[in-house]
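Q: structure, please.
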Amino acid sequence: MNNTVNQKNSKAGKGSDSSREAEGRPYALSSVRNIGIVAHIDAGKTTTSERILYYSGKVHKIGEVHDGTATMDWMIQEQERGITITSAATTCFWNDHQINIIDTPGHVDFTVEVERSLRVLDGAVGVFCAVGGVQPQSETVWRQATKYKVPRVAFVNKMDRMGADFYKVVDELQQKLKAPAVAIQLPIGAADTFSGVVDLVKMRAITFSEDNMGAQVEYIDIPADLASDAEAYRADLIEKVAELDEELLEAYMEDADVSGEALLAAIRRATIANELVPVLVGSSLKNKGVQPLLDAVVDLLPSPLDVPAVSGISPKTEETLERETSDFDPLTGLVFKMATDKFVGKLAFVRVYAGQLKKGMNIYNPRTKKRERIGRLLRLHANAREDIDVLYAGEIGGMVGQKLFTTGDTVCAENDPIILENIEFPEPVISMAIEPKTTGDKDALVDALKDMADEDPTFHTAIHEETGQTIIAGMGELHLEIIKDRILREYKVQANAGKPMVAYRESVSAKGQGSFTFEREIGGDTHFAALTLAVQPNTAGAGNVIAFDVSNKIIPDAFRKGIEEGIADALMTGVLGNFAIIDTKVTVIGGQTHDTDSSEVAFRSAAVMALRDAVSNASPVLLEPIMLLEIEAPEEHLGDVMGDLNSRRGKIREIKATNDLQVVQADVPLAEVFGYATSLRSLTKGRASYSMEPQAFDPVPPNMTDAILNR
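A: Residues are numbered from 1 along each chain as shown. You can find the predicted model right below:
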């Protein structure tokens, strides 16, 4: 047989399959798919997305990542670097189905984009390189999808490359990811000889015309040299699915050669239940295998009706509420991303779980306890926009002009509010100082940083208490590099950036005393004060204490305030390197007054100098902030991680195993962990992650003190 089908343009389908649906919606709920494309960097996610848009008729020219023309990589930084930085949303149509797609980044620095996308998606396509197989970031995104219980199909891409091995990748999916992966296609050839795929469900071969960018699909008989392999793999597929699905098991018991329709339906049920990961194969760059992948999205991944009802908490009673996927249930949606668009302003990406989101209606934010009116609703296509009047249940779109909403906020009706579970984001792991080149750029820089912090929950900005520097923090050096580039290009702000200074501290390690006599003529009046202070170490973390020897009545109470203020001022500046003094007890043990010349100003000045003298006599020490690092790494990289921690003056607290990872807790000086994200990624090939939090202040080793103090 030799049938030829051209599937480039699919007609839009309308209809309603349930009383849950409004009459005006363009597609039945059962015909909607919300999917994400996830993978390791450079596995071919964006290239695959571009082919999907082309074959579905959404675009009429294929964009290429390597040329900087990919539709979904619309940021200039993405086009220059050939990587995806921000998740892009679009909608296309295939076989009378509406497919809402989010193309996500693969670089670990932008893992937040994957996290918040998977939170609102019903299904995902995991793209794997046929040569590289399961790569480090593949593991990370797979764990994220597992956390949100997102059903997946796997697409083994780049079969045209030298060294491509489909069967090895399927094994790695099973071994490395512990995924219930099973092939539903086989490749015809590999590398230069890759020409199509074998469909194991319907037992036919599929080839793609070279003449029209693969748009013409041909269904032919399975090549003779693959017939026996196809029979064996189909038998294995049927057995594995029958173990999971009672309906197929019954059909299999009656006839071992089950129909393609029955097998496809059983695969769909197992996939939606997260018990099976169907594996497809192709080469997106060479325009082979994408149409069958689109068929699999429609045939195997869930519609909004196939996933459990979304649950949340009532802000009034704190009881658990559920919202069914229905146009007539109370409005329930989740803002999963914020963006600043130069044409429309503040743009909120929203997934509607229940109800209808209409232009002009009032929506309620249970976090702020305020309502806002929707000015515009948009259907999104990368950085292009289409105005619409309503978003129905199960759809993804954009709201414009909402001032009070931020990532993770629930959109609901004021008379029936609900709070959906928020999205958890990792804390930033690297930071640096940034400042405007000119005074005129100061306000513009503040505005730019605020906009980007609103967009990206893993990007933080703050003013350093000690230095007054503006500190920006993110997930890695590339993350902050992109931030700096956007400040210059998008916001036209010239700024200098560098590493922030470590906020060292000072303290005393012994008891000591100091005295000072202040006698000076100021404005024609003589001011006199004499003061003796004693200092000693206080308990670590207890802070500073100022006390007066109760047996000493020499100094009148009227001067105590000035003395306390002088001591507090001196504690802020220290004696070694102008760093604040901490965990020190200061006691006023003696002094001298003059009947007419003593004053509060004199005692304040005497207190400053007496404290400096006392601290100098009490073996002052320089302290550095110590961070508690918790590192999760595969066991094979544990030795490298430990060796690196030792080189950074780290002290190991604990090592424990959790699942397939080793968790290391260590105390490491802050000065040694700048740039650690990049080093750890290099050491472990991107397979490790870590979190960091301030722990304590410890003395700096004597051999390093002089270098820090430049003496």
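
Q: which residues in the stretch 601-711 of the chain form strands?
A: According to DSSP state E, counting those that start in this stretch, the stretch 601-711 of the chain carries its strands in the segments 620-634, 651-658, 661-669, 689-699.

Q: can you redo these as JSON lines with distance to Met213?
A: From N, CA and C alone the C-beta is placed, and that goes for glycine too. Converted to JSON lines, those look like this (distance: least, Cβ to Cβ, whole Å):
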{"stretch": "strand 620-634", "distance to Met213": "41"}
{"stretch": "strand 651-658", "distance to Met213": "47"}
{"stretch": "strand 661-669", "distance to Met213": "43"}
{"stretch": "strand 689-699", "distance to Met213": "40"}
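
Q: okay if I get the ones you listed as CSV plus mean neighbour count and distance to Val169?
A: Converted to CSV, these look like this (neighbours: other Cβ atoms under 10 Å; distance: least, Cβ to Cβ, whole Å):
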stretch, mean neighbour count, distance to Val169
strand 620-634, 20, 19
strand 651-658, 11, 27
strand 661-669, 19, 22
strand 689-699, 15, 24
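
Q: distance of the most far-flung residue of the chain relative to its centre relative to Thr532?
A: Of all residues in the chain, Asp595 has its C-alpha farthest from the mean position, at 67.8 Å, by Cα atoms, centre = their mean. The spacing between Asp595 and Thr532, counted by Cβ to Cβ, to the nearest Å, is 20 Å.

Q: sorry, back to before: the strands of the stretch 601-711 of the chain: lowest mean pLDDT?
A: For the strands of the stretch 601-711 of the chain, the weakest mean pLDDT is recorded on strand 689-699, namely a mean of 76.

Q: below-threshold pLDDT in the stretch 301-450 of the chain: ranges please.
A: 341-344, 381-384, 426-430 (pLDDT under 70).

Q: which residues of the stretch 201-350 of the chain fall in strands?
A: Using DSSP E, counting those that start in this stretch, the strands found in the stretch 201-350 of the chain span residues 204-208, 216-220, 277-281, 310-313, 320-323, 332-341, 345-354.

Q: and for the stretch 401-550 of the chain?
A: Here the stretch 401-550 of the chain has its strands, by DSSP E, counting those that start in this stretch, at 410-412, 419-420, 430-436, 460-463, 470-474, 495-498, 505-508, 512-522, 525-537, 545-548.

Q: how far away from the center of its chain is stretch 392-401?
A: In this view, stretch 392-401 has its centroid 22 Å away from the chain centroid, taken as Cα atoms, centre = their mean, to the nearest Å.

Q: could you do stretch 563-577 as well?
A: Going by Cα atoms, centre = their mean, the spacing between the C-alpha centre of stretch 563-577 and its chain's C-alpha centre is 42 Å.

Q: returning to what we had before: tell me which of the strands of the stretch 201-350 of the chain sits nearest to Ser117.
A: Using Cβ to Cβ as the criterion, the shortest distance between Ser117 and the strands of the stretch 201-350 of the chain is 7.1 Å, found for strand 332-341.

Q: count the neighbours of Lys437 for me.
A: 12 (other Cβ atoms under 10 Å).

Q: of all the strands of the stretch 601-711 of the chain, which one is nearest Thr406?
A: strand 689-699 (22.6 Å).

Q: rebuild the strands of the stretch 201-350 of the chain as JSON lines, extending it with mean neighbour count and distance to Arg371.
A: As requested, the strands of the stretch 201-350 of the chain are exported to JSON lines (neighbours: other Cβ under 10 Å; distance: least, Cβ to Cβ, whole Å):
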{"stretch": "strand 204-208", "mean neighbour count": "20", "distance to Arg371": "52"}
{"stretch": "strand 216-220", "mean neighbour count": "17", "distance to Arg371": "50"}
{"stretch": "strand 277-281", "mean neighbour count": "26", "distance to Arg371": "43"}
{"stretch": "strand 310-313", "mean neighbour count": "18", "distance to Arg371": "18"}
{"stretch": "strand 320-323", "mean neighbour count": "16", "distance to Arg371": "19"}
{"stretch": "strand 332-341", "mean neighbour count": "23", "distance to Arg371": "14"}
{"stretch": "strand 345-354", "mean neighbour count": "23", "distance to Arg371": "15"}
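
Q: relative to Arg489, which of the ones you listed is closest?
A: Per Cβ to Cβ, nearest to Arg489 of the strands of the stretch 201-350 of the chain: strand 332-341, 13.3 Å.

Q: mind listing the strands the closest one pairs with, and their directions?
A: The strands beside strand 332-341 in its sheet (DSSP bridges) come out as strand 345-354 (antiparallel), strand 410-412 (antiparallel).

Q: report the buried residues of the top helix by length along the chain.
A: Counting residues, the longest helix found in the chain (DSSP state H) is helix 224-242. Buried residues in helix 224-242, defined by neighbour count with 16 or more other Cβ atoms under 10 Å: Leu226, Ala230, Tyr233, Arg234, Leu237, Ile238, Lys240, Val241, Ala242.

Q: okay, those residues in JSON lines with pLDDT and distance to Pro669 next?
A: As requested, the buried residues of helix 224-242 are arranged in JSON lines below (pLDDT from 0 to 100; distance: Cβ to Cβ, whole Å):
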{"residue": "Leu226", "pLDDT": "95", "distance to Pro669": "60"}
{"residue": "Ala230", "pLDDT": "95", "distance to Pro669": "60"}
{"residue": "Tyr233", "pLDDT": "95", "distance to Pro669": "56"}
{"residue": "Arg234", "pLDDT": "95", "distance to Pro669": "60"}
{"residue": "Leu237", "pLDDT": "95", "distance to Pro669": "55"}
{"residue": "Ile238", "pLDDT": "94", "distance to Pro669": "59"}
{"residue": "Lys240", "pLDDT": "94", "distance to Pro669": "52"}
{"residue": "Val241", "pLDDT": "95", "distance to Pro669": "55"}
{"residue": "Ala242", "pLDDT": "94", "distance to Pro669": "59"}
